[in-house]
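1. test case, fold it:
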Amino acid sequence: MVKLKVIGQGNTVFLSGEVDVGNCGVFKEELGKVIEKATEDVTLDFSALDYIDSAGLGILVGVYKRLQEKNFSMKVVNANEYIKKLFRITKLETLFTVV
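-> Modelled structure (predicted):
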C-alpha cells in the first residue's frame with residue numbers, strides 16, 4: 001500500500017509504503033490531483049517509500065510529462081539505494097532530478 005502526504009501548497013509530496021501494479025491506480029489518481037493543483041516545481045520525497053515497480057515508474061513518467069506541459073519540473077529526493085538503482089538502470093534520472 002502506498003500513502004501520499006502533501007505538504008504546504010502541494011509542491012512537496014511524501015510517499016510511504018510500496019507502489020506496485022496492485023495499487024498503482026490509486027497512486028496515479030492521488031498524484032494526478034497534486035499535479036492538477038501544482039503552481040511550481042514538484043518534489044517527491046521517497047524517504048519512506050520502500051519499493052516501486054515498473055508500473056509505478058510509468059506513472060512517474062506520466063507525471064513528469066504533465067508537469068512539463070505546465071513548464072514545471074519534478075525532483076525525487078531521499079530515495080533508497082534500490083530505487084536510485086532503478087532510476088539509473090531505466091535512465092529515468094535523465095528526465096528528472098534524483099537526489
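2. what residues are up against residue 49?
-> Applying Cβ atoms under 8 Å, 6 or more residues apart in numbering to residue 49 gives the contacts 2, 15-19, 79-80, 83. Glycine gets a C-beta too; all of them are placed from N, C-alpha and C.
3. can you tell me the SS state at residue 40?
-> Judged by DSSP: H, G, I helix; E, B strand; the rest coil, the three-state class of residue 40 is coil.
4. need phi/psi at it.
-> Phi and psi for residue 40, reported as degrees, to the nearest 10, are phi -160, psi -170.
5. low pLDDT regions in the chain?
-> The model of the chain has pLDDT under 70 over residues 1, 8-10.
6. check which helices and strands the longest helix belonging to it sits against.
-> What stands out as the longest helix in the chain, according to DSSP state H, is helix 54-69. Here helix 54-69 touches strand 12-19, helix 24-37, strand 42-52, strand 74-77, going by 3 or more Cβ pairs under 8 Å, 6 or more residues apart in numbering; DSSP states H and E.
7. quick one, the helix or strand following the last one and strand 12-19 angle?
-> What that stands for is strand 74-77. Sequence-wise, the next helix or strand downstream of strand 74-77 (DSSP states H and E) is helix 81-90. Calculated by axes from the mean of the first three to the mean of the last three Cα atoms, to 10 degrees, helix 81-90 forms an angle of 90 degrees with strand 12-19.
8. which residues does the first helix or strand past helix 81-90 going along the chain contact?
-> Using DSSP H and E, the helix or strand that follows helix 81-90 in sequence is strand 97-98. For strand 97-98, contacts defined as Cβ under 8 Å, 6+ apart pick out 73-76, 79, 84, 87, 92.
9. on that earlier part again, and which of the contacts of residue 49 is nearest residue 26?
-> Of all these, residue 26 sits closest to residue 2, with 7.0 Å by Cβ to Cβ.
10. burial count for residue 31?
-> 25 (other Cβ atoms under 10 Å).
11. how about it, nearest residue that isn't a chain neighbour?
-> Using Cβ to Cβ, 6 or more residues apart in numbering and skipping residues adjacent in sequence, the residue nearest residue 31 is residue 63, 5.7 Å away.
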